[in-house]
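Asks: Give me a model of this one.
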Amino acid sequence: MNLDRELLLLDSRRIDGLGSILDAPQHQKSLTLTADDTAPGTARAFTRDVLTAWGAEDLLDHVVLIVSELATNAEHHGRLAHHDGVEEAKGRQHQDEITLTLALQAGIVGIEVEDNSSEPPVPRIASPYATSGRGLLLVSALADAWTACPKQDGSGKRVIAFVKRPETSLTP
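Replies: Predicted coordinates:
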């Protein structure tokens, strides 16, 4: 088993205990976006607005960066392969979408990004001169846990990350 797969499995085990945050949150809000180059910016603005409304401004920096990276990955890598000129049964071309869901419970923010590709995200090591390829490394560094899994209907995948509020230590 390679290191990337081992890390994804480790995060998957850590996530099992956090699933209720997305299943039964204190607060939850979703946004569906067209998978185009405006999606990451729209996702960042949505995240700022939602976390501010929930009073979770202390988590803004980490959560906004994670959302930005996951939305960018979904926009770049989460599209279905299209064949030019092929129409769907309803007479329209398929519109790739990204769904961002944010949830908050007990000081933990759950982030879920869904896209149309069943290909799992793969962390990679970018060369020092590369202008991309570090997104999942940032997600790994900032999230308390993250994983990816297929959507229940098999139509794509979900990438899930959790960020918890730092423990406040009181000093005398």
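Asks: From now on I want contacts and neighbour counts done on CA atoms only, so please keep to that.
Replies: Fine.
Asks: which residues sit in contact with the residue lying closest to L59 once chain neighbours are set aside?
Replies: The spatial neighbour of L59 that comes closest, neighbours along the chain excluded (Cα to Cα, 6 or more residues apart in numbering), is R165 at 6.7 Å. In this structure, R165 makes contact with 58-59, 107-108, judged by Cα atoms under 8 Å, 6 or more residues apart in numbering.
Asks: what do you get for R158?
Replies: Counting by Cα under 8 Å, 6+ apart, the residues that R158 touches are 112-115, 148-151.
Asks: just V139 next, same as before
Replies: V139 touches 65-66, 69, 146, 161, counting by Cα under 8 Å, 6+ apart.
Asks: Go through those residues and flag which are in helices.
Replies: Counted as lying in helices by DSSP state H, out of the contacts of V139, are 65-66, 69.
Asks: out of those, which is most surrounded?
Replies: I66 (25 neighbours; other Cα atoms under 10 Å).
Asks: Report the separation between the nearest residue to that one once chain neighbours are set aside and G154.
Replies: Spatial nearest neighbour of I66, chain neighbours left out: V139 (5.4 Å); criterion: Cα to Cα, 6+ apart. The gap separating V139 from G154 is 24 Å, by Cα to Cα, to the nearest Å.
Asks: Any stretches of the protein with poor pLDDT?
Replies: Low-confidence segments of the chain (pLDDT under 70): 1-22, 24, 80-94, 130, 168-172.
Asks: Spit out the contact partners of K29.
Replies: 50, 101-103.
Asks: is it true that V63 touches V163?
Replies: Yes. At 7.0 Å, V63 counts as touching V163 under the criterion of Cα atoms under 8 Å.
Asks: who touches both of the two?
Replies: V109.
Asks: Counting neighbours, go ahead and name the busier of these two.
Replies: V63 (28 against 20).
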